[in-house]
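Undergrad: my questions are about this predicted structure, shown below with the sequence.
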Amino acid sequence: MIGGWLSAPRLDLPLGRDASGRFLPWLIALMVYLSGLGGIGLMLLGDTLAEWNRSLTATLTVQVPADASAARLDTAMALLRQSPGIVSARLLPPEETARLVEPWLGSATPVDKLPLPRLIDLQLNPDAKVDLAALRQKLASIAPEAQLDDHRLALGRLRAFAVHVQGVIAAGVALVMALLVLTVVFTARTGLAIHQPVIEILHLLGAPDGYIARQFQTHSLWLGLRGGAIGSVAAAITIVVLGRAASTVDLPAPLVSRGLLDWRLWALLVLTSLAAGVVAMVTARTTVSRGLARMP
Amino acid sequence: MVRLENIGKRYSGGNEVLQDVTLTLDPGGFYFLTGVSGAGKTTLLKIIYLAERPSRGIVSLFDTDTATADRATQSALRRRIGIVFQDFRLVEHLSVRDNVALPLRLAGAPEREIRENVPELLAWLGLGDKIEFRPATLSGGEQQRVAIARAIVRRPDLLLADEPTGNVDDEIAMLLVRVFERINRLGTTVLIATHDVAFARQFEHERFHLEQGILSAVNGAVLQ
């Protein structure tokens, strides 16, 4: 059963014996591999953006100068907790703040001696619209030098950058697909030239152009699917390897870390393989039909 | 069935190979086309099976004017014709069975019908033990019988044979003509081209003769 599926379909034209037919699956495999990785890259980037969106748009940070008194801090905390849209407010202990800046300042710096501002971590209700201007004004009346950091500004810049990166990846995938089409066009034209004597016999026996074009399209579909399967398996292996490497790092994108468990990976790779087969089939049929129309 | 009117054929820069050829092949008829090598027999057959276009004149096949027929119609017309080519033109990479099955597959015949009919026909032509062979492994006579099997497997309306007796001895040639006569009795119109006028004279069938591109009717054949 599996052997039958793996063996090439029966054809009147000896297309399977062409050198081009032997190389085409590997070329398609390479293109599917690149396209698959590109698609996975797009998904990763999308996941990362969604993760940032989820975690950063629902948080705010308030910086209160280091010399602010405990009473002012308490008043500010009370104000924040009562403000609409704020789910929780947590005053970070000075040690935790010190740990946050330590990677930038190095362990030799006596961080605990620095006048680090006190940080208040705010969790927002994602569905509520917080009036930041009013909140800033109220905070200023309690602690004039307090700052309210809105992460959404930075997130907006990151998002714009990520969209550009996504565009570049999508253009790369489109370029690889265009190369796939050109490769199949070249292979089909070569096949027409090589097999012209047999095509002529088939024509004389009454074969319509569609019958001959179907032979090429079946063959190209088969090569496309085979190349697509090889490329997809290679891309899956790459993801497994990357997933293992990523398991030691806490990456925000779940696809790499979850690796093969993510059903979208499989859907993407299967779809890419099928797309390679269909693109190869349609391209071969179109090319051959045009070529046959020029024959006597 | 087949009607040629004032057919002329000139290859680029050359003399006219066919000059004002007019002939009619009636349904169920059996004809010989004789003439020495180079007389234009193969060109005339090619015009009938639509491998060549005439330089002038009208070709009508099965009541269809071939000049105005589109590619799909031309393919459909060709499927009604069985051809035994002078050089056999078997597909080398296909087995004897698949070569003979080609016209059936082109007509969309079910594989079951192919599995039943092809071996039976090959056995009838004495090739029952060569079904899985490739053409290159067969003798010239065997290849010729495969070519005949391919031409008749669908019981075509018209059978054209180009020098089918050219490469065989008289006994085999006689047997081949008997095979064609049996096909003819089933309703197929047969036209056999041969350079061997003496051989064709042995039969009572109508005969056309080509000489320097000019066709004449012999033994009851009618040009118009």
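TA: Now that the structure is in, tell me what you want to look at.

Undergrad: can I get the helix or strand containing residue A:133 as CSV, trimmed to CA atoms?
TA: Taking DSSP states H and E as the criterion, residue A:133 maps to helix A:132-142. Taking Å, rounded to 0.1, in the frame of the first residue of the first chain, the C-alpha atoms of helix A:132-142 are listed here in CSV:
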residue,chain,number,x,y,z
LEU,A,132,-3.4,57.9,31.9
ALA,A,133,-3.4,61.7,31.7
ALA,A,134,-5.7,61.9,34.8
LEU,A,135,-3.7,59.3,36.6
ARG,A,136,-0.4,61.2,35.9
GLN,A,137,-2.0,64.4,37.2
LYS,A,138,-3.1,62.8,40.5
LEU,A,139,0.3,61.1,40.9
ALA,A,140,2.0,64.4,40.4
SER,A,141,0.0,65.9,43.2
ILE,A,142,1.2,63.2,45.6
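
Undergrad: what lies in contact with the one helix or strand residue B:198 maps to?
TA: Applying DSSP H and E as the criterion places residue B:198 in helix B:197-201. Under the criterion Cβ atoms under 8 Å, 6 or more residues apart in numbering or on different chains, residues B:32, B:34, B:165, B:170, B:173, B:192, B:194, B:207, B:209 lie in contact with helix B:197-201. The way it works is simple: take the backbone N, C-alpha and C, and place the C-beta from them, glycine included.

Undergrad: what's the farthest-apart pair in the residues you listed?
TA: Using Cβ to Cβ, the two most remote members of the contacts of helix B:197-201 are B:170 and B:209, lying 20.9 Å apart.

Undergrad: before we move on, which element is the closest residue to chain B within the stretch 51-200 of chain A in?
TA: Nearest residue of the stretch 51-200 of chain A to chain B: residue A:198, at 5.6 Å (Cβ to the nearest Cβ). Per DSSP H and E: residue A:198 is located in helix A:196-204.

Undergrad: can you list the residues that contact that helix?
TA: Against helix A:196-204 from outside (Cβ under 8 Å, 6+ apart): A:12-14, A:192, A:211-212, A:292, A:295, B:49, B:51, B:75, B:78, B:83, B:89, B:91, B:102, B:106.

Undergrad: stretch A:137-147 now?
TA: With Cβ under 8 Å, 6+ apart, stretch A:137-147 has contacts from A:62-65, A:68, A:72-73, A:75-76, A:79-80, A:83, A:117, A:148.

Undergrad: secondary structure class for residue B:19?
TA: strand (DSSP: H, G, I helix; E, B strand; the rest coil).

Undergrad: how near is the residue of chain A found nearest chain B to residue A:194?
TA: In chain A, the residue found nearest to chain B is residue A:206; the distance is 3.2 Å by Cβ to the nearest Cβ. Separation of residue A:206 from residue A:194 (Cβ to Cβ, to the nearest Å) stands at 22 Å.

Undergrad: and those two? which has more neighbours close in?
TA: Neighbour count, other Cβ atoms under 10 Å in any protein chain shown: between residue A:206 and residue A:194, residue A:206 has more, with 25 against 17.

Undergrad: would you enumerate the residues in contact with residue A:268?
TA: Residues in contact with residue A:268 (Cβ under 8 Å, 6+ apart) are A:36, A:39-40, A:43.

Undergrad: mind checking which helix or strand it is in?
TA: Residue A:268 belongs to helix A:263-293 when assigned by DSSP H and E.

Undergrad: for the stretch 151-296 of chain A, give me the ranges with low pLDDT.
TA: A:248-261, A:296 (pLDDT under 70).

Undergrad: residues of it that sit close to chain B?
TA: Contact residues, the stretch 151-296 of chain A versus chain B (Cβ under 8 Å from any Cβ of the partner chain): A:198, A:201-209, A:211, A:293, A:296.

Undergrad: can you tell me the closest non-neighbouring residue to the residue in chain B that chain A sits nearest to?
TA: Residue nearest to chain A within chain B: residue B:79 (3.2 Å; Cβ to the nearest Cβ). Sequence neighbours aside, residue A:206 is the residue nearest to residue B:79 in space, at 3.2 Å (criterion: Cβ to Cβ, 6 or more residues apart in numbering or on different chains).

Undergrad: so that neighbour: helix, strand or coil?
TA: Look at residue A:206: counting by three-state DSSP, its state is coil.

Undergrad: list phi and psi for it.
TA: Main-chain torsions, residue A:206, degrees, to the nearest 10: phi 100, psi 20.

Undergrad: so it touches residue B:78, yeah?
TA: Yes. Contact between residue A:206 and residue B:78 holds when scored by Cβ atoms under 8 Å: they sit 3.7 Å apart.

Undergrad: identify, by residue count, the longest helix of chain A.
TA: Of all segments of type helix in chain A, defined using DSSP state H, the longest is helix A:151-194.

Undergrad: contacts only, for residue B:64.
TA: Contacts of residue B:64 (Cβ under 8 Å, 6+ apart): B:73, B:77.

Undergrad: got the domain ranges for the chain?
TA: By default, I'm working from chain A. Listed domain ranges for chain A are A:13-53+A:156-293, A:66-145 (source: automatic domain parsing).

Undergrad: could you do chain B instead?
TA: Following automatic domain parsing, chain B resolves into domains at B:1-80+B:156-224, B:91-155.

Undergrad: Throw those into JSON lines and include mean pLDDT, thanks.
TA: Supplementary listing: these in JSON lines, determined by pLDDT from 0 to 100:
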{"stretch": "domain B:1-80+B:156-224", "mean pLDDT": "91"}
{"stretch": "domain B:91-155", "mean pLDDT": "94"}
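
Undergrad: out of these, which is closest to residue A:265?
TA: Here domain B:91-155 is closest among the domains of chain B (Cβ to Cβ), at 40.2 Å.

Undergrad: say whether chain A is contacted by that closest one.
TA: Yes. Domain B:91-155 reaches chain A (Cβ under 8 Å from any Cβ) through B:91, B:93-94, B:98, B:102-103, B:105-107, B:150.

Undergrad: which strand or helix spans the residue minimising distance to the centre of chain A?
TA: The structure's chain A has its C-alpha centroid closest to residue A:42; by Cα atoms, centre = their mean the separation is 1.9 Å. Assigned by DSSP H and E, residue A:42 belongs to helix A:19-56.

Undergrad: the helix or strand that that helix is followed by: partners in the sheet, and parallel or antiparallel?
TA: Remark: after helix A:19-56, the chain's next helix or strand is strand A:59-64, criterion DSSP H and E. Paired strands of strand A:59-64, with direction, are strand A:118-124 (antiparallel), strand A:147-150 (antiparallel) (DSSP bridges).
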